[in-house]
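1. pasting the sequence and the predicted coordinates here, then a few questions.
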Amino acid sequence: MKVLVDCDLCEANALCMESCSEVFRVNEDDTLSILMSEIPERLRPQVAEAVRLCPRQALKIEG
Amino acid sequence: MIDYDPFSEEARTNALPIYSRLRDEAPAYYISKYDAWALSRFQDIWDCSSDPRFSTASGTTPAQVLTKDQPVTPMLNVMDPPDHTKLRAAIRKCFLPEHLKALEPVARKVFSGLVDEVFEQGEADLVQDLAAKLSVRVACLAIGLPVEDGPLLTDLVSRFFAHDPGRQGMTADGLAALQELTDYCVEKARERRRTPEDGPEALDALVKFELSGRRFSDDEVASHLTMLVIGGSETFPKTLANGIVRLWEHKDQRAALVADPKGIPAAYDEILRYDMPTQFLCRTLRGDIELHGYTLRAGQAVLLLYASANRDEREFDDPDRFDTRRGAKRFLTFGAGTHACLGTHVARMEGKITLETILSRMPDYEVDLDAAVRLRTEFVQGYSRLPIRF
């Protein structure tokens, strides 16, 4: 499973980081880092929650 | 049969019962008078917020889309992607957390100063004396306008939102105020072009921005600026006033926040959810969509009833209960998706510093609801005056 972020949309609301800090990190300069290119299946519920909560609707799960 | 008209007395003064019926009985409700559909459920509004078929190019306010008495001039919120995405990315820096780190202590000092001015007299108008003065100054700082123009801008924006009880839509004076605000912004755009600065403020970004190799004219920059001034100064005071009333009504919850101010950001989120001033914004369909057994056709208007969505029992447990510890992670006060409020972080910062200051300096304040004045239009509802004693 991968997670895709649309950087043109992301505005550092950081709800994804609250949902799953293993995968998402909002940096000091308001950009978002995805910390794993391939995300283990065990994290699917948290990542799905991050996608569901993002107010900019900037995240998507692939696979 | 439900009879919902956003301009009706009922919708302007006591909308929640009719929103509840719309959600249950007619989640896609057709209003023939405006050839418009009203969406009232949380998930429907959330889902259409990034759907490219829901365009803002014909405007977003009821005065633009329904009564059509407000002109649609170039503003970020009436652009669709991809142009919208490019402009938003260019001007948003000054509204994001990194830049606000420097702005927060300034805002805190400004607000403390405003409280100092009224503290000895033991009473104040929360909206006019405190919240409105703060939000317009913060808006000026973020956008790049002179802070000393705050009072002028507050006055223009409040005239823009004035409502004539006997008439739908905007007042002649409201349109005149919008023109005066536009003229002011043209002047500021010209000045900034003559002496450009390299700041993160929106005004700098707007005068430099190029779309397909072309810069904005002064009139275009001004139109974009008016939206930022209106959005930055108008809604925060109404939201804070609602929160001040709710915390006064729920004194146990207020006392808990006085004892533990760490709960203030979550409490402010609940204040945002519970009573949002902007009842709805509009879209115009670019393609047909199927929803709840109806076909919503290209060209028809759609009302996104955010204030209804925030009380949707399909999304929130016991939605009519005010609970500062609710911890709801998503709500629609700032919209969502493509046009989600650009000032989200600014609004939350203002909510945090004002509640921290009020709850530490006047923890037992009383509200004089009988002397409060409410603005009740189809579009924006909330206190325009809220006397408090402390």
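-> Sure thing, it's come through.
2. contacting residues for residue B:330?
-> Shown in contact with residue B:330 (CB atoms under 8 Å, 6 or more residues apart in numbering or on different chains): A:15, A:52-53, A:55, B:46, B:336. In this view, the C-beta of every residue, glycine as well, is placed from N, C-alpha and C.
3. quick one: the strands in chain A?
-> Assigned by DSSP state E, the strands in chain A fall at A:2-5, A:24-26, A:32-34, A:59-62.
4. how about the ones you listed, which one is nearest chain B?
-> strand A:24-26 (8.3 Å; CB to the nearest CB).
5. centre-most residue in chain B?
-> Taking CA atoms, centre = their mean, the centroid of chain B lies closest to residue B:235, which sits 4.1 Å from it.
6. related to what we said a few turns ago, and the contacts of residue B:330, which two are the farthest apart?
-> Farthest-apart pair in the contacts of residue B:330 is A:15 and B:46; separation 13.6 Å (CB to CB).
7. please tell me how far residue B:263 sits from chain A.
-> Using CB to the nearest CB, to the nearest Å, one obtains 16 Å as the distance from residue B:263 to chain A.
8. could you tell me how many residues sit around the closest residue to that residue other than its chain neighbours?
-> What sits nearest to residue B:263 in space, not counting adjacent residues and going by CB to CB, 6 or more residues apart in numbering or on different chains, is residue B:257, at 5.4 Å. By other CB atoms under 10 Å in any protein chain shown, the residues close to residue B:257 number 21.
9. likewise residue B:215?
-> Residue B:215: 13 neighbours (other CB under 10 Å).
10. same check, this time on residue B:320
-> When counting by other CB under 10 Å, one arrives at 10 neighbours for residue B:320.
11. contacting residues for it?
-> Contact analysis of residue B:320 by CB under 8 Å, 6+ apart lists B:16, B:311.
12. mind listing what the residue lying closest to residue B:36 once chain neighbours are set aside touches?
-> Once flanking residues are discounted, residue B:36 sits nearest to residue B:301: 3.8 Å by CB to CB, 6+ apart. Residue B:301 sits next to B:34-37, B:58, B:65-66, B:282-285 when contact means CB under 8 Å, 6+ apart.
13. gap between residue B:301 and chain A?
-> Distance from residue B:301 to chain A, by CB to the nearest CB: 22 Å.
14. cool, residue B:274 as well?
-> 18 Å.
15. check contacts around that residue.
-> B:242, B:246, B:310, B:322.
16. any idea which of those residues is closest to chain A?
-> residue B:310 (13.4 Å).
17. shouldn't that closest one be in contact with residue B:270?
-> No - at 10.3 Å, residue B:310 does not count as touching residue B:270 under the criterion of CB atoms under 8 Å.
18. tell me the pLDDT at residue B:95?
-> At residue B:95, the model reports a pLDDT of 96.
19. tell me, how many residues neighbour it?
-> The number of residues packed near residue B:95 is 25, by other CB under 10 Å.
20. the nearest residue to residue B:96 once chain neighbours are set aside - how many residues pack around it?
-> Spatial nearest neighbour of residue B:96, excluding adjacent residues (CB to CB, 6+ apart): residue A:30 at 4.5 Å. Other residues lying near residue A:30 total 19 when counted by other CB under 10 Å.
21. residues in contact with the closest residue to chain A within the stretch 101-250 of chain B?
-> Of all residues in the stretch 101-250 of chain B, residue B:101 sits closest to chain A, at 9.0 Å by CB to the nearest CB. Shown in contact with residue B:101 (CB under 8 Å, 6+ apart): no residues.
22. mean confidence for the helix ranked longest in chain A?
-> The longest helix of chain A (DSSP state H) is helix A:44-53. Mean pLDDT, computed over helix A:44-53, is 98.
23. how far is that helix from where the chain is centred?
-> Distance of helix A:44-53 from the chain centroid (CA atoms, centre = their mean, to the nearest Å) equals 8 Å.
24. who does it touch, helix- and strand-wise?
-> strand A:2-5, helix A:15-19, strand A:59-62 (3 or more CB pairs under 8 Å, 6 or more residues apart in numbering or on different chains; DSSP states H and E).
25. so which of those gets nearest residue B:20?
-> Residue B:20 lies closest to helix A:15-19 among these, at 27.5 Å (CB to CB).
26. where along the stretch 101-250 of chain B do the helices fall?
-> Along the stretch 101-250 of chain B, counting by DSSP state H, counting those that start in this stretch, helices occupy B:132-143, B:150-160, B:172-194, B:202-208, B:218-233, B:235-249.
27. burial count for the closest residue to residue B:152 other than its chain neighbours?
-> Once flanking residues are discounted, residue B:152 sits nearest to residue B:184: 7.4 Å by CB to CB, 6+ apart. Neighbourhood size, residue B:184 [other CB under 10 Å]: 19.
28. wouldn't residue B:184 be in contact with residue B:156 here?
-> Yes - with contacts counted by CB under 8 Å, residue B:184 reaches residue B:156, the gap being 7.4 Å.
29. could you list every residue that touches residue B:222?
-> Contacts of residue B:222 by CB under 8 Å, 6+ apart are B:182-183, B:185-186, B:188-189.
30. which one of these has the most neighbours?
-> residue B:185 (26 neighbours).
31. which bits of the stretch 251-390 of chain B sit near chain A?
-> Residues of the stretch 251-390 of chain B found near chain A (CB under 8 Å from any CB of the partner chain) are B:329-330, B:334, B:336-338, B:340, B:344-345.
32. angles on the backbone of the residue nearest to residue B:36, please.
-> Per-residue torsions, residue B:301: phi -90, psi 150 (degrees, to the nearest 10).
33. just list whatever residues bridge to it.
-> On DSSP bridges, the residues paired with residue B:301 through beta bridges are residue B:36, residue B:284.
34. what's the pLDDT at it?
-> 98.
35. same check on residue B:243?
-> With respect to pLDDT, residue B:243 has a value of 98.
36. same deal with residue B:85?
-> On the pLDDT scale, residue B:85 gets 96.
37. how about a markdown table for the contacts of residue B:274, with neighbour count added?
-> Formatted as a markdown table, those follow (neighbours: other CB atoms under 10 Å in any protein chain shown):
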| residue | neighbour count |
| --- | --- |
| B:242 | 20 |
| B:246 | 19 |
| B:310 | 22 |
| B:322 | 18 |
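38. among those residues, list the two that are farthest apart in space.
-> B:246 and B:310 (13.6 Å).
39. can you pull the pLDDT of residue B:121?
-> 97.
40. swap that for residue B:308, sorry
-> So residue B:308 comes in at 98 (pLDDT).
41. what about it, neighbour count?
-> Using other CB under 10 Å, the number of residues around residue B:308 comes to 26.
42. now it: how far from residue B:161?
-> Going from residue B:308 to residue B:161 by CB to CB, to the nearest Å gives 21 Å.
43. tell me, how many residues neighbour the residue lying closest to residue B:10 once chain neighbours are set aside?
-> Sequence neighbours aside, residue B:18 is the residue nearest to residue B:10 in space, at 6.1 Å (criterion: CB to CB, 6+ apart). By other CB under 10 Å, the residues close to residue B:18 number 21.
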